[in-house]
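J.: okay, predicted coordinates and the sequence, questions at the end:
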Amino acid sequence: MSLKIYPVTESFSLEKPVSEKILLTDNLVVVHFYLKAGQKIPLHASKSEVFVTVLKGKGKFYYGSENSYEMLETGESLYYQPEEPHGFEAEEDMIVQAVITPNPQKNLNL
């Protein structure tokens, strides 16, 4: 069975970044993040693999520390390994899609 994922809705907030779960299964999570220029998702780590794609805008994508980053803009992606500290900061209004697998909130018996 296929599932249509609806187009991005721009759900920005002036106070803080907004996150929206677009798809949630036992195997993966797809999240959209909406950041105004200057807003930041702080460094954190996950037991899962994380693949991020900039759907709109541009920003700094940190890996390991805030001293190490890649600048990404619309259409560009970055992959983070499990347990790798990561985060990002918007240089301009930015929408980021993160695909996280396996779903870190599910206990899978493989």
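T.: Nice, thanks for sending it over.

J.: from now on I want contacts and neighbour counts done on CA atoms only, so please keep to that.
T.: OK.

J.: and the strands in this structure?
T.: Along the chain, the stretches classed as strands by DSSP state E are 18-24, 29-35, 40-44, 49-56, 58-63, 65-73, 77-80, 86-90, 94-101.

J.: would a markdown table of these with mean pLDDT and distance to residue 11 be doable?
T.: Putting those into a markdown table (pLDDT from 0 to 100; distance: least, CA to CA, whole Å) gives the following:
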| stretch | mean pLDDT | distance to residue 11 |
| --- | --- | --- |
| strand 18-24 | 91 | 7 |
| strand 29-35 | 95 | 6 |
| strand 40-44 | 96 | 15 |
| strand 49-56 | 97 | 13 |
| strand 58-63 | 98 | 17 |
| strand 65-73 | 97 | 19 |
| strand 77-80 | 98 | 21 |
| strand 86-90 | 98 | 15 |
| strand 94-101 | 96 | 9 |
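
J.: so which of the ones you listed is nearest residue 3?
T.: Taking CA to CA, strand 18-24 is the member of the strands of the chain nearest to residue 3, at 9.4 Å.

J.: burial of residue 11, as a residue count?
T.: Applying other CA atoms under 10 Å, we find 14 residues neighbouring residue 11.
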